[in-house]
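Asker: coordinates only, sequence not included:
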């Protein structure tokens, strides 16, 4: 039997596997029962808040917590609050904090300032946006790379999500048999906290707003067997700096309703040049044209260890693949001892024709 919609209660389902041939999910419960469903709506998120290992993080003496799991005992009244990263959860929290506290927002890769930030700052003067990147945390605040020290009583990390530890490989298996472990990058977010590229017909819910959003997506799906958020849509969502919560309003242009279009991607070997020294590496890369600035943004993962002393000299690198090369920047080291890399402009891998979907405003 194929259910139209199957709701996953926390802890009941131990395995969810998508079938590309039938556009259905096969779910296995703790008791060994197997069910098939066209749509899965899950309250059991495989994610936990991700906090980057910034220098001095353990030296900070004030309150510190992720925006996705705020401290219920924290009273912001009269406090100086630093928000690092400003993911969608932080965007929702900033509005609450500015009513009682002095709020300062710091960017963290891959989220970046865009043109709309200027308009936001003119309308919202109670939050200060710092353009310089974070260099280190201190006992009493944050020092940015321009040498300025910003005092803070609390630090909120709006830096996205990571996968839970020790997830079995068959916990969540999406299109083309790719597991969530193979597709996820630390610090990312599901699109609007609801949908994940590569996992069609699968939705996460964590409150009444997301339930209404999923219901809207199902209405968009009427008469079709498959809905999947576009890779470019999710990528742009994860690169924006949110100074207020994003609007939960389904747009058809954000989704594919059949087999997803080919994404520009490369998975293989390359040569990374750091401070004049070449390092053979394996990389997994993808990219998209950004509807915000019209430029091609590419990013991905460098597998294997890179010399820490070399990266201290420079994080500006060149990545070469076959006859192509491109300048890039090593963003950070992940808990899995890989490194995230990003660049803007022509990538070091061959491009296919790019289809750009710009949501209508």
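Answerer: Sure, I can see it. Everything numeric in this text was worked out from a predicted model, so none of it was measured.

Asker: Please name the nearest non-neighbouring residue to residue 50.
Answerer: Distances taken as C-beta to C-beta, 6 or more residues apart in numbering put residue 162 closest to residue 50, at 3.8 Å, once the chain neighbours are dropped. Glycine gets a C-beta too; all of them are placed from N, C-alpha and C.

Asker: and the residue nearest to residue 184 when sequence neighbours are not counted, how many neighbours?
Answerer: Spatially, and ignoring its direct neighbours in sequence, residue 184 is nearest to residue 163 (5.6 Å; C-beta to C-beta, 6+ apart). Using other C-beta atoms under 10 Å, the number of residues around residue 163 comes to 22.

Asker: now swap in the one 5 residues further on and tell me
Answerer: Using other C-beta under 10 Å, residue 168 is surrounded by 10 other residues.

Asker: if we can go back for a sec, can you give me the distance of the residue nearest to residue 50 to residue 330?
Answerer: 19 Å (C-beta to C-beta, to the nearest Å).

Asker: all helices of the protein, in order?
Answerer: Applying DSSP state H to the chain gives helices spanning 88-97, 115-123, 180-183, 208-220, 231-239, 308-313.

Asker: From the rest of the structure, what touches the third one?
Answerer: Residues from elsewhere that reach helix 180-183, judged by C-beta atoms under 8 Å, 6 or more residues apart in numbering: 46, 163, 167, 169, 171-174, 196-199.

Asker: What are the buried residues along that helix?
Answerer: Within helix 180-183, the residues that count as buried by 16 or more other C-beta atoms under 10 Å are 180, 183.

Asker: Quick check: mean pLDDT of it?
Answerer: Averaging pLDDT along helix 180-183 yields 89.

Asker: Name all residues that make contact with the residue nearest to residue 50.
Answerer: 47-50, 184, 186-187, 335.

Asker: Where do the strands of the stretch 251-361 of the chain begin and end?
Answerer: 255-256, 265-274, 277-289, 296-303, 316-321, 324-333, 339-344 (DSSP state E, counting those that start in this stretch).

Asker: elements contacting the fifth one?
Answerer: Pointing back at strand 316-321 there. strand 265-274, strand 324-333, strand 339-344 (3 or more C-beta pairs under 8 Å, 6 or more residues apart in numbering; DSSP states H and E).

Asker: now the fourth one
Answerer: With contacts defined as 3+ C-beta pairs under 8 Å, 6+ apart, the packing partners of strand 296-303 are helix 231-239, strand 277-289, strand 339-344.

Asker: Comparing these by mean pLDDT, which bottoms out?
Answerer: Among the helices and strands packed on strand 296-303, helix 231-239 scores lowest, at a mean of 79.

Asker: distance between it and the chain's centre?
Answerer: Chain-centre distance of helix 231-239: 8 Å, with C-alpha atoms, centre = their mean, to the nearest Å.

Asker: Taking strand 265-274 as reference, get the angle to it.
Answerer: 40 degrees (axes from the mean of the first three to the mean of the last three C-alpha atoms, to 10 degrees).

Asker: list the buried ones in helix 231-239?
Answerer: Of all the residues in helix 231-239, those buried under the rule 16+ other C-beta under 10 Å are 231-239.

Asker: Domain-wise, how is this structure divided?
Answerer: Here the domain parsing of the chain from automatic domain parsing is 2-46+166-256, 51-157, 265-344.

Asker: how distant is the first one from the center of its chain?
Answerer: Centroid displacement of domain 2-46+166-256 relative to its chain, using C-alpha atoms, centre = their mean, is 14 Å.

Asker: Run a quick neighbour tally on the residue lying closest to residue 271 once chain neighbours are set aside.
Answerer: The spatial neighbour of residue 271 that comes closest, neighbours along the chain excluded (C-beta to C-beta, 6+ apart), is residue 320 at 4.5 Å. Neighbour count for residue 320, taken as other C-beta under 10 Å: 14.

Asker: Fine by me, thanks again.
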